[in-house]
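Peer 1: missing the sequence, but the structure's below:
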């Protein structure tokens, strides 16, 4: 298991390297007008040349890349070209908001998917059909459309929830909950669909297995058989789906944060890409890939805990 | 949201194509989805004809106007006609989504064919690239692309097509891998067909249907992400798309929330319809596996079965037998409304301290009978008639369609127990042996965990396990098949049941272990005074351990009675055949004279 995890970690670092390189090269070709953007349209050519030299834009690509990589390895991602804020600081200031809604949605979706999957697989009938239809809709509808519906109906019209803004937990827990309720709901709606389907089919499958029949023959209560034994064997497949979906969740959260005006990484990503603020864009990309790698690692660990066979191999 | 569909476990790799269209036509939801999609496509093509205004002409006198005769759906923040914009937006949105799908197919399918067919280095590196692409968040990549190339829906959909290619790649690769080693592909190769011919003729026909399904999914995802980007204000404001319209509407949400409705509806309807269509296609490809619930006339259920020789005169009154099965009939509903009867009028009984053998070949209904007694039939099975009484509990009353789970559940463990056939698959791989022994004792006998643990270790010694503590702590995959079967026997007798049902308890074991396990069963049966049913196809086992035997064939009882009598003078042809096959040519009598016990 330890070797397995180490291999995943090495693969992850390799991935991080490849992706950041590709992004950097891509961004290099778009960096021409940036000095002009920063200084405004009335800047003289001399001022622009000066700014380019200051930002290192006059250097060839390999030099710039090596310089960036050297900083990145030591945890220094430079400063924003537009407001000089260190990239790491900017990210860390915004991380709590994004992590709250993204991880909150992930956990709620996992629990909800398990419950829906169990209900659909065991009760069948109308519950099954309802869950299937719901997953179909949840899967197909973009989360931002769901968010728009939520925000116009529950926030703007009914005024139950705040339409925008974020209240830190330390300020007021109740308001904090209200401010993240709708964003999380929108993300969960999308996320839960596939996982519930996966839980459902895995549970139907596991319930047919021999050991479940034997456990039932031993006189264990049905509830215990389902929630302790069936669910445990069915969970890894569904959790893997969830970890794959996490990538999409990060993307979805960018739009959701924009809709609800949450001060997360999303708005930073949008602003920096429209401005061409390369250090910040790179920081956002690296952060995203790291998140993906971490969540995959955690899911691997959980699956290993759920299934002792994985632990030895 | 984009990467999720890459892993689509439900798409069948190999499918039958017959009658797909017919089955699809029976799905009203799919037809509705198809009609809506077709309507959207036609409307987008006819946009120049249908539109009442120039989509980009803004009438600043009529900004954010409500619906009127002039503007059917009102105007937006620049006074542009919403209806006309919606039509032209469909054009761009759908075409851009199609572009993404085409790019994804153009990259994914050939790569998948190549990787699946040839494997090797290409397979390895393609897998690596696929994994990398799948861990990229689409939006972030598209944001970066936009930063590099400026706002263009075409460029971003081109790039997104590349990001979506893995979903086609994986699909194709899996399908090709599974077909590649099929006989007919081998035959084609032997007969000298070139690889390209084989791929296009034999393999492409297999992946075609899943690709169509996946295309529907991918198109939906492309529309979603494209609209998402534009919603963020990153689209080209001069090109009307649903996302651009939504973005504009959302900025004026406090003034005219109605404006949100049209583009949101367009996006929602199109993506959901695409998903429904893909789903329906998949369902109709997945054959008629779904079994319609058939309502059987109740009359039939209570009618006594006419067939079968009954070994015992089974009475309806509660008898002093430990187990009475009376005219039991079990069936499975089939597609098309018919019922396949697998057990047809079986009656038998078991007394305390007695061992009954149920003999028959596979498919004779012997295991189904055993599972009915245990109340462990699959969900789809239905009791068509007869009754089962265990002790004084009627678990199947005449007329009921299922085994009463409430009644049988109270008996399991202490009243009735079960030893399965295949040892390894009957232990939960996620829990230790010890846990699986201790937990039922705690639940059924209500004893403490420590007491149950002590008893479990004792039981392991009883069933002949040399190092009980190590086995107790082990996971199922850490022990051998013979040990696992001993563990299962220990589990079955842990609550000292009155009736033990063993379903082919030795079939999966080595010959040397078989004899030991049979000895163990006989010992335990004697010691605990249990009634026991052994389900087997092996007359050797029967002669070894059983007192009485019933022979089953095609769901009915062929004959039954005292083991000695049956072995010595089988009445039924089928019994003779079975005997002959078991004893490999030896005469029935010779077996009996060498047998130690009958």
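Peer 2: Here it is on my side, so go on. Because the structure is a prediction, the values reported are computed rather than measured. Residues are numbered from 1 along each chain as shown, chains lettered A, B, ... in the order given.
Peer 1: stretch B:573-588 - what's its average pLDDT?
Peer 2: Here stretch B:573-588 scores 68 as its mean pLDDT.
Peer 1: how about the secondary structure of the closest residue to residue B:60 other than its chain neighbours?
Peer 2: Leaving aside its chain neighbours, residue B:60 sits nearest to residue B:79 (5.1 Å; criterion: CB to CB, 6 or more residues apart in numbering or on different chains). To be clear about C-beta, it is placed using only N, CA and C from the backbone, and glycine gets the same treatment. Assigned by DSSP: H, G, I helix; E, B strand; the rest coil, the conformation of residue B:79 is coil.
Peer 1: just give the nearest non-adjacent residue to whatever residue of chain A ends up closest to chain B, would you?
Peer 2: Nearest to chain B, among the residues of chain A, is residue A:219, at 2.8 Å (CB to the nearest CB). Using CB to CB, 6+ apart and skipping residues adjacent in sequence, the residue nearest residue A:219 is residue B:413, 2.8 Å away.
Peer 1: give me the number of residues near the one you found?
Peer 2: Neighbour count for residue B:413, taken as other CB atoms under 10 Å in any protein chain shown: 24.
Peer 1: let me know whether it touches residue A:218 as I believe.
Peer 2: Yes - Residue B:413 lies in contact with residue A:218 (CB atoms under 8 Å); the separation is 5.5 Å.
Peer 1: what's the overlap in contacts for those two?
Peer 2: B:440, B:444, B:494-495 (CB atoms under 8 Å, 6 or more residues apart in numbering or on different chains).
Peer 1: returning to what we had before: counting neighbours, what do you get for the residue nearest to residue B:60?
Peer 2: Close neighbours of residue B:79, defined as other CB under 10 Å, add up to 17.
Peer 1: I'd assumed residue B:56 was in contact with it.
Peer 2: No - Residue B:79 is beyond contact range of residue B:56, at 11.0 Å (criterion: CB under 8 Å).
Peer 1: now for those two: what residues contact both?
Peer 2: Contact criterion CB under 8 Å, 6+ apart; residues shared by residue B:79 and residue B:56: none found.
Peer 1: got a pLDDT number for residue 121?
Peer 2: You didn't say which chain, so I picked chain A. Note for residue A:121: predicted pLDDT of 87.
Peer 1: wait, chain B
Peer 2: Reading off the model, residue B:121 has pLDDT 84.
Peer 1: how about the residue nearest in space to the middle of chain A: what's its closest non-neighbour residue?
Peer 2: Most central in chain A under CA atoms, centre = their mean is residue A:250, positioned 2.9 Å from the mean C-alpha point. Of all residues not flanking residue A:250 in the chain, residue B:137 sits nearest, at 4.6 Å (CB to CB, 6+ apart).
Peer 1: and residue B:498, by the same measure?
Peer 2: In space, residue B:498 is closest to residue B:415, 5.5 Å off (CB to CB, 6+ apart).
Peer 1: repeat for residue A:207
Peer 2: Ranked by CB to CB, 6+ apart and with sequence neighbours excluded, the top spatial neighbour of residue A:207 is residue A:230, at 5.6 Å.
Peer 1: could you look up the SS state of the one you found?
Peer 2: helix.
Peer 1: and the nearest residue to residue B:361 once chain neighbours are set aside, how many neighbours?
Peer 2: Leaving aside its sequence neighbours, residue B:361 sits nearest to residue B:537 (CB to CB, 6+ apart; 5.7 Å). Neighbour count for residue B:537, taken as other CB under 10 Å: 18.
Peer 1: contact partners for residue B:537?
Peer 2: Applying CB under 8 Å, 6+ apart to residue B:537 gives the contacts B:359-362, B:504, B:507, B:578, B:582.
Peer 1: distance of it relative to residue B:360?
Peer 2: 7 Å (CB to CB, to the nearest Å).
Peer 1: next, show the common contact partners of these two.
Peer 2: What both residue B:537 and residue B:360 touch, as defined by CB under 8 Å, 6+ apart, is the set residue B:578.
Peer 1: give the rounded mean pLDDT of the helix or strand residue A:144 falls within.
Peer 2: Counting by DSSP states H and E, the element that carries residue A:144 is helix A:143-150. Average pLDDT, helix A:143-150: 87.
Peer 1: need the pLDDT of residue B:384.
Peer 2: 91.
Peer 1: and for it, the neighbour number?
Peer 2: Residue B:384: 22 neighbours (other CB under 10 Å).
Peer 1: just confirm it is within a helix.
Peer 2: No - under three-state DSSP, residue B:384 sits outside any helix and is assigned strand.
Peer 1: that one and chain A, how far apart?
Peer 2: 21 Å (CB to the nearest CB, to the nearest Å).
Peer 1: isn't that residue up against residue B:330?
Peer 2: Yes - using CB under 8 Å, residue B:384 is in contact with residue B:330, at 6.5 Å.
Peer 1: and the residue nearest to residue B:284 when sequence neighbours are not counted, which helix or strand is it part of?
Peer 2: Residue nearest to residue B:284 in three dimensions, not counting chain neighbours: residue B:23, with 3.9 Å by CB to CB, 6+ apart. Following DSSP H and E, one finds residue B:23 within helix B:20-25.
Peer 1: and residue 36, what does it touch?
Peer 2: I went with chain A, as the question did not name one. By CB under 8 Å, 6+ apart, the contact list for residue A:36 reads A:43, A:48.
Peer 1: actually it's chain B I care about, not the one you picked
Peer 2: Contacts of residue B:36 by CB under 8 Å, 6+ apart are B:269-270, B:273.
Peer 1: among the residues you listed, name the ones that also lie close to chain A.
Peer 2: Under the cut-off given by CB under 8 Å from any CB of the partner chain, chain A has nothing from the contacts of residue B:36 close to it.
Peer 1: ok, those vs residue A:275, which is closest?
Peer 2: residue B:270 (32.4 Å; CB to CB).
Peer 1: got a list of what that closest one touches?
Peer 2: Taking CB under 8 Å, 6+ apart, one finds B:36-37, B:40, B:94, B:220, B:223 in contact with residue B:270.
Peer 1: wasn't it part of a strand?
Peer 2: No - read with three-state DSSP, residue B:270 is helix and lies in no strand.
Peer 1: tell me how many other residues crowd residue 120.
Peer 2: All of this refers to chain A. Look at residue A:120: counted by other CB under 10 Å, it has 25 neighbours.
Peer 1: to clarify, I was referring to chain B.
Peer 2: 9.
Peer 1: before we move on, the earlier item: any chance of TSV for the contacts of residue B:36, columns pLDDT and distance to residue B:206?
Peer 2: As requested, the contacts of residue B:36 are exported to TSV (pLDDT from 0 to 100; distance: CB to CB, whole Å):
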residue	pLDDT	distance to residue B:206
B:269	89	32
B:270	90	29
B:273	89	27
